[in-house]
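*Asks:* here are the coordinates; sequence isn't available:
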């Protein structure tokens with residue numbers, strides 16, 4: 001089976017890339033042939049053997065006429081449609097597994113895939129299909145937002161959701177209007193995979209085709225440490241909507257230590273807090289060893305979450321998770337077993353954290369490991385993915 005993985009970034013940028021490369025490596029070990037297509041970038045970990053990767057677009061660096069042209073290209077890219085067409089003439093692809101393509105690559109490539117009888121699987125790593133800004137969060141108001149889910153995409157423009165920019169918010173809204181008006185998602189996508197029921201329910205309001213819920217998975221490197229050191233650790237993007245700054249302030253005021261693992265636009269500002277150890281991003285064995293040693297992983301996200309890889313990584317390491325009771329967290333955490341829900345806005349939040357910290361026991365670690373083995377292992381995930389691929393291909397026979 002020839003499988004094409006399509007994502008705008010072909011290096012380890014975030015959770016969706018971690019998932020894509022982990023999935024691909026697992027499929028390759030099972031004997032499947034994997035190809036990649038996305039943007040050219042010096043950081044790519046796969047090569048552009050055919051010279052047909054998409055041109056790299058960095059919207060932060062665009063100005064003047066280039067910004068106007070890039071705005072058009074971010075809605076519909078004729079260039080990328082031609083490149084994927086040429087790529088398909090060189091490779092007999094059967095399955096295209098799409099991840100993040102909007103703006104830099106655009107869904108303009110979908111008709112070319114369909115013309116070549118390629119079955120299209122789309123893993124939704126965020127809410128892009130239903131929310132022009134894709135985060136269900138408005139940084140201008142500093143609140144979660146669902147206005148476009150059941151309403152109209154013009155709310156993105158009115159609220160300037162896209163980084164406060166009228167132009168970028170307008171482009172995002174136009175992009176959503178265009179692809180839904182011409183029914184691109186319903187007509188061309190054969191299967192959507194959602195890592196959470198929470199996100200599946202949102203996507204189903206804008207997509208009438210087949211949706212399967214399949215949580216993310218983790219493939220662990222060899223363990224080099226396992227003894228708990230008593231630390232509470234945050235793992236993830238250092239950004240406003242993640243709630244990390246409110247958490248840092250309250251931990252600082254209470255004199256509690258907090259270890260922060262992750263990068264992001266606001267990492268430097270975080271280093272000003274006392275009692276906060278900001279390690280920056282860690283990967284592979286270094287990351288998992290830190291998670292294994294932690295007493296708890298804490299996830300204070302103010303925004304909605306799909307199926308956070310950090311929670312599954314914690315379970316795989318036998319580390320329970322403290323999180324808010326909303327969105328994808330509700331499907332992952334079993335209170336008193338794999339972690340605890342807390343109200344991060346409550347006045348007694350610190351007292352609750354201290355109580356939970358004293359409640360740690362090896363039983364919690366055993367529960368996390370059992371949950372991981374039964375629901376989030378690589379073996380289970382790959383078997384489901386292959387089943388989906390084969391079902392779609394059998395439909396063509």
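*Replies:* Cool, got the structure. Remember, predicted model here, so these are calculated numbers, not experimental data.
*Asks:* which stretches of this protein form strands?
*Replies:* Along the chain, the segments classed as strands by DSSP state E run 2-6, 33-37, 95-98, 119-123, 137-138, 143-144, 191-194, 211-213, 232-235, 258-261, 276-280, 296-298, 321-323, 339-341.
*Asks:* okay, the ones you listed, which one's buried deepest?
*Replies:* Highest mean neighbour count of those: strand 296-298, a mean of 27 (counted as mean count of other C-beta atoms under 10 Å). Every residue, glycine included, has its C-beta placed from N, CA and C.
*Asks:* tell me how this protein divides into domains.
*Replies:* Domains of the chain are assigned by automatic domain parsing as 2-136+175-217+378-396, 232-375.
*Asks:* these: which one's closest to residue 156?
*Replies:* Taking C-beta to C-beta, domain 2-136+175-217+378-396 is the member of the domains of the chain nearest to residue 156, at 4.1 Å.
*Asks:* re the thing from before, now mean pLDDT and distance to residue 89 too, for the strands of the chain, in a markdown table please.
*Replies:* Formatted as a markdown table, these follow (pLDDT from 0 to 100; distance: least, C-beta to C-beta, whole Å):
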| stretch | mean pLDDT | distance to residue 89 |
| --- | --- | --- |
| strand 2-6 | 98 | 13 |
| strand 33-37 | 98 | 13 |
| strand 95-98 | 98 | 15 |
| strand 119-123 | 98 | 18 |
| strand 137-138 | 92 | 41 |
| strand 143-144 | 92 | 44 |
| strand 191-194 | 98 | 25 |
| strand 211-213 | 98 | 31 |
| strand 232-235 | 97 | 43 |
| strand 258-261 | 97 | 44 |
| strand 276-280 | 93 | 43 |
| strand 296-298 | 98 | 47 |
| strand 321-323 | 98 | 47 |
| strand 339-341 | 98 | 50 |
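*Asks:* export those to CSV and tack on distance to residue 174?
*Replies:* Shown next, in CSV, are the strands of the chain (distance: least, C-beta to C-beta, whole Å):
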stretch, distance to residue 174
strand 2-6, 22
strand 33-37, 25
strand 95-98, 21
strand 119-123, 21
strand 137-138, 18
strand 143-144, 23
strand 191-194, 23
strand 211-213, 25
strand 232-235, 36
strand 258-261, 37
strand 276-280, 37
strand 296-298, 39
strand 321-323, 35
strand 339-341, 39
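*Asks:* so for residue 16, which of the ones you listed sits nearest?
*Replies:* Proximity to residue 16 (C-beta to C-beta) singles out strand 119-123 among the strands of the chain, at 7.8 Å.
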